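> Can you look at this prediction? I've put the sequence above it.
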Amino acid sequence: MFLDDVLTRIDDDLPAAIERLKTLLRIPSISTDPAHADDCDRAADWLVSDLQSIGIKAEKRKTPGRPMVVGHVDGDGPHLLFYGHYDVQPVDPLEQWTRPPFDPAIEDSAHGKVIRARGASDDKGQLMTFVEACRAWQAVHGRLPCRITFFFEGEEESGSPSLVPFMHENAGELRADLALICDTAMVAPGVPSIAGQLRGMLKDEFTIHGPRIDLHSGHYGGPALNPLHEMARIVASFHDPETGRVAVEGFYEGVHEVPEELRRQWESCGFDERSYLESVGLTVPHGEKGYSTLEQQWARPTLEVNGMWGGYTGAGTKTVIPAEAHCKITCRLVGDMDPDRLREKIRAHVEARLSVDARVSWDNDLDGSKAAVMNTDRPEFEAARRALSEEWNREAVIVGMGGSIPIAGYFRDILGMDAMLIGFANEDDAIHSPNEKYDLESFHKGIRSWARVLDALTGKA
């Protein structure tokens, strides 16, 4: 009955939990925009107050950027650390929202009720699933089931510039037996998922320079080098047009094939390729040939062009040959790929293909992170998997993730901790786009799931 009472409390308190989430969602905590610095402070203050209301010793910690929220509660058994972030993405393009992005509302959808607002899924709704599970546990039993550290960041959506220094400076305080992260998605609606591996990230940006100034296309068209033409040719050389493989020499160094047993698990995990593609207006996968969509997304590296520009882009026509062209790229990394070595290979690829009179300059302020592989052999993973399966009435699966969550690697490298990533988002949540939403089923069952996971990890049943 120990757990049943907590689950009943969660069900009874759901309307109040939704109202608390709405209150947090109304705070426009956009970390990348200095105009919203005070809003980030307000969000941190709200979380501190909310944690304190359930008996957690919490406080706001200053950083050179947005504040951290750190809370502690003592207890027996394992020491768990829960991480989430309270900052959100910008809302542009605002005109594509069907309602004000910071005016949360419950709406009907084809799959049930959702709460729509910026941050509903990434990551305020997810963060609050754990807090609400702890609230219910405290209300029923007067204490939490074990020692827990709460660690909420305010700069995740703007590159986490304060995170690594803060973790180094507070390593002794933050170190725990296991980190829990709720900033991930389910592989398919209703299929509870634990992330076993995350792709890393490499960012780079370069400019191709040609003539000293913009040129008249009538006076210089033909004999002049056009940096936009150069950029198009070089970008086209990044991939083999027949196979989709990245054509940069040495790009696949450190990449490993997916073990056959894991590949079979992924094939039966409930992923719907057709729906995945159709939801964004596509009909067939366009990536590396010879690999399934899930393998491409979770276990294969990529080189993507995120933006190219130069010359005149305003209304009407301007007959100009631009002096410069610009490009932003990102790579998703897997296995043992080294972001620093890969950056050298990509830059060498570009520089070797420059025409006479063209030169390239690089943005040297961009960073990278390695892929992260979780230690899923730890018994806690199987305990959590069983707990999730019980709540969702569906076998939980160990999956990969196409995105990058650097904090998982930082927990390993800085604090020597393994991390377990459990999230309840769905692929159609539009987390960085207009009209972001979070399914109320994800919120409700997410709270219940964390209560079950806490029970399983601490043996309180």
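Cool, the structure landed.
> Now do the helices in the stretch 351-461 of the chain.
379-392, 406-415, 440-458 (DSSP state H, counting those that start in this stretch).
> Please work out which of the ones you listed is packed deepest.
Burial of the helices of the stretch 351-461 of the chain is given as mean neighbour count (mean count of other CB atoms under 10 Å); helix 440-458 ranks first at a mean of 23. Quick note: C-beta positions are derived from backbone N, CA and C, even for glycine.
> what about it, distance to the chain center?
Centre-to-centre, helix 440-458 and its host chain are 21 Å apart (CA atoms, centre = their mean, to the nearest Å).
> Looking at that helix now, give me its mean pLDDT.
Across helix 440-458, pLDDT averages out at 98.
> what helices or strands is that helix leaning on?
helix 2-12, helix 14-25, strand 112-116, helix 124-141, helix 379-392, strand 419-423 (3 or more CB pairs under 8 Å, 6 or more residues apart in numbering; DSSP states H and E).
> how far away is T293 from G402?
10 Å (CB to CB, to the nearest Å).
> As PDB, could you dump the C-alpha coordinates of stretch 413-425?
Taking Å, rounded to 0.1, in the frame of the first residue of the first chain, the C-alpha atoms of stretch 413-425 are listed here in PDB:
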ATOM      1  CA  ASP A 413      33.300  13.300 -16.900                       C
ATOM      2  CA  ILE A 414      33.000  15.900 -14.100                       C
ATOM      3  CA  LEU A 415      31.200  14.100 -11.300                       C
ATOM      4  CA  GLY A 416      31.900  10.400 -12.100                       C
ATOM      5  CA  MET A 417      28.200   9.600 -12.200                       C
ATOM      6  CA  ASP A 418      26.100   7.500 -14.400                       C
ATOM      7  CA  ALA A 419      22.900   9.100 -15.700                       C
ATOM      8  CA  MET A 420      19.500   7.600 -16.500                       C
ATOM      9  CA  LEU A 421      17.300   9.500 -19.000                       C
ATOM     10  CA  ILE A 422      13.600   9.000 -18.800                       C
ATOM     11  CA  GLY A 423      11.200  11.400 -20.600                       C
ATOM     12  CA  PHE A 424       7.600  11.500 -21.500                       C
ATOM     13  CA  ALA A 425       7.500  13.900 -24.500                       C
END
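> That one: which residues count as buried?
For stretch 413-425, burial by neighbour count (16 or more other CB atoms under 10 Å) applies to I414, L415, M417, D418, A419, M420, L421, I422, G423, F424, A425.
> chain center to that stretch, what's the gap?
Remark: stretch 413-425 is offset 13 Å from the chain centroid, using CA atoms, centre = their mean.
> between the helices and strands packed on helix 440-458, which one is nearest to G75?
helix 124-141 (10.5 Å; CB to CB).
> For M167, which of the helices of the stretch 351-461 of the chain is the nearest?
helix 406-415 (4.8 Å).
> Give me the angle between the closest one and strand 419-423.
Counting by axes from the mean of the first three to the mean of the last three CA atoms, to 10 degrees, helix 406-415 lies at 160 degrees to strand 419-423.
> so what does helix 406-415 touch, helix or strand wise?
strand 79-85, helix 163-169, helix 171-174, strand 178-181, strand 200-209, strand 372-373, strand 419-423.
> Partner strands of the last one, with direction?
Put plainly, it is strand 419-423. Using DSSP bridges, strand 419-423 pairs in its sheet with strand 178-181 (parallel), strand 193-198 (antiparallel).
> go on, the first one?
Strands flanking strand 79-85 in the sheet, each with its direction: strand 147-153 (parallel), strand 178-181 (parallel) (DSSP bridges).
> Taking helix 440-458 as reference, get the angle to that strand.
Going by the same axes, to 10 degrees, strand 79-85 makes 160 degrees with helix 440-458.
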